[in-house]
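Colleague: Just need the structure, nothing else, for what follows:
(one chain, ligands or ions: 2)
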Amino acid sequence: MKKSGQKIARVDEKPVLELRGISKSFGQMNVVDDVSLDVWPGEFVSLLGPSGCGKTTTLRMIAGFIAPDEGRVILGGKDITEVPSYRRDVGMLFQSYALFPHMTVRGNVGFGPRMRRETSSVIADKVRWALSLVKLEGYEDRRPNELSGGQQQRVAIARVLAGGASMLLLDEAFSNLDAKLRGRMQEEVRELQLRLGIATVLVTHDQEEALAMSDRIVIMNGGKVEQIGTPKRVYSSPSSLFVADFMGRCNRIEGTLHHDDRAKAWYLDCGPSGKIKLETIPHPAAREGEQCQVFARPEHLSLTQSAKDHEGDGLRGRIERLVYLGSRSVAYVTLEGDVPFQVQLPNKPGLSDEFSVDGPVVVVPLPGAVTPLPK
Ligand SMILES: Nc1ncnc2c1ncn2[C@@H]1O[C@H](COP(=O)(O)OP(=O)(O)O)[C@@H](O)[C@H]1O
Ligand SMILES: [Mg+2]
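Modeller: Numbering: from 1, shown residues only. Ligands and ions are numbered 1, 2, ... in the order given. Now for the predicted structure:
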């Protein structure tokens, strides 16, 4: 597999789901382009990317609503590429929950087993089991419009569980909830998912949602996978400028590599603004004088005032603007050489305002803050 991400499989474990180079075009447009992914038992994976990048189409190919033009979909070791959606053991949870409004909770949750003509006692057992998992015992006779949004979502999950799904698919499942409820539902679904140990794929365009809920994140752009990794990994070691930018605010600066033999360290010489120390070798074949670009997040930088004759590690500049945001402030700095940089300053209690607009400053990266970006 081309991009298997960071998850290391136990020898006795097999992926629940394998996407092997799946592609899909609509007309002239390659909407999904050679996407490969393994999802492991109990894993929560998010497909994250901007609107239109092919997330939903990928999910619909897993669910079987759309057939890939190329590639295979493997579920539990079996090739299900040609298997129709209603015969796949995957449970899709739609944004609107798609509950049947005229049916009770019991009717909704028992829908799958009923369609498969299971006996009424088996159906009743499955409904009881699924409702106990989502903690909705006692709600059997309610209709969807007599439930809160959160409860409706839990009924939808119970329906998927009672249907015997071996994995759960969620498409922007929290997007239409207000901020507070969204946070609570995300927590609740994650807690439930962990408790059940059910492998889950979530489609979302919301970085924070993906970071908060996932074991691994698949970042997509223009139908392609940009990077697969743990939330920490994709945030702190993005493999492209697109990922760095999409995952949060990021400062970028170019320079030439310089190896200081005495200090046994690599530096990035950024011209007029100064130089910054690189914690690690930018890439195995790095050489003196090579052009390189790095990125650093605003919250991984610090500011000092001693800009005059600054000779050490750091970038000289001037504060253009200071924005107070309560828990933190953001300093908009223009480095010498006209490079814009943002630095986040934590607002600690009792601290007086240390910096002022137009003041000369030095931006000093915190240890591990500077990450080389591939060209
Ligand atoms: N059935 C379809 N026919 C034609 N174009 C489609 C169809 N479904 C999706 N698309 C297009 O494919 C692109 C990706 O869509 P989608 O997978 O829904 O993106 P996302 O979920 O990442 O926002 C969009 O440009 C969309 O308009
Ligand atoms: Mg979508």
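Colleague: which secondary structure elements does the longest helix that the chain contains contact?
Modeller: Identified as the longest helix of the chain according to DSSP state H is helix 179-196. Judged by 3 or more C-beta pairs under 8 Å, 6 or more residues apart in numbering; DSSP states H and E, helix 179-196 is in contact with strand 44-48, helix 120-133, helix 149-162, helix 207-213. Glycine gets a C-beta too; all of them are placed from N, C-alpha and C.
Colleague: Measure how far the last one is from the centre of its chain, please.
Modeller: Which is helix 207-213. Mean C-alpha position of helix 207-213 versus that of the full chain (C-alpha atoms, centre = their mean, to the nearest Å) differs by 5 Å.
Colleague: Please enumerate the helices of the stretch 151-300 of the chain.
Modeller: 179-196, 207-213, 231-236, 241-247 (DSSP state H, counting those that start in this stretch).
Colleague: Leaving out chain neighbours, which residue sits closest to residue 49?
Modeller: residue 220 (3.7 Å; C-beta to C-beta, 6 or more residues apart in numbering).
Colleague: From ligand 1, how far off is residue 117?
Modeller: Separation of residue 117 from ligand 1 (C-beta to the nearest ligand atom, to the nearest Å): 32 Å.
Colleague: What is the neighbour count of that residue?
Modeller: If you count neighbours by other C-beta atoms under 10 Å, residue 117 ends up with 7.
Colleague: do the same with residue 41
Modeller: If we define neighbours as other C-beta under 10 Å, then residue 41 has 17 of them.
Colleague: just residue 353 next, same as before
Modeller: 10.
Colleague: returning to that earlier point: so which of the helices and strands packed on helix 179-196 gets nearest ligand 1?
Modeller: strand 44-48 (7.8 Å; C-beta to the nearest ligand atom).
Colleague: the domain parsing of the protein - what is it?
Modeller: Domain ranges of the chain: 17-246, 249-373, per automatic domain parsing.
Colleague: among the ones you listed, which is the most enclosed?
Modeller: Greatest average neighbour count among the domains of the chain goes to domain 17-246 (a mean of 18), per mean count of other C-beta atoms under 10 Å.
Colleague: That one: end-to-end distance?
Modeller: 26 Å (C-alpha to C-alpha, to the nearest Å).
Colleague: what's near enough to touch the residue nearest to residue 49?
Modeller: 35, 47, 48, 49, 53, 54, 55, 58, 226 (C-beta atoms under 8 Å, 6 or more residues apart in numbering).
Colleague: Tabulate those (JSON lines), appending pLDDT and distance to ligand 1.
Modeller: Formatted as JSON lines, the contacts of residue 220 follow (pLDDT from 0 to 100; distance: C-beta to the nearest ligand atom, whole Å):
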{"residue": "35", "pLDDT": "98", "distance to ligand 1": "11"}
{"residue": "47", "pLDDT": "98", "distance to ligand 1": "8"}
{"residue": "48", "pLDDT": "98", "distance to ligand 1": "9"}
{"residue": "49", "pLDDT": "97", "distance to ligand 1": "6"}
{"residue": "53", "pLDDT": "97", "distance to ligand 1": "4"}
{"residue": "54", "pLDDT": "97", "distance to ligand 1": "4"}
{"residue": "55", "pLDDT": "97", "distance to ligand 1": "3"}
{"residue": "58", "pLDDT": "98", "distance to ligand 1": "7"}
{"residue": "226", "pLDDT": "97", "distance to ligand 1": "13"}
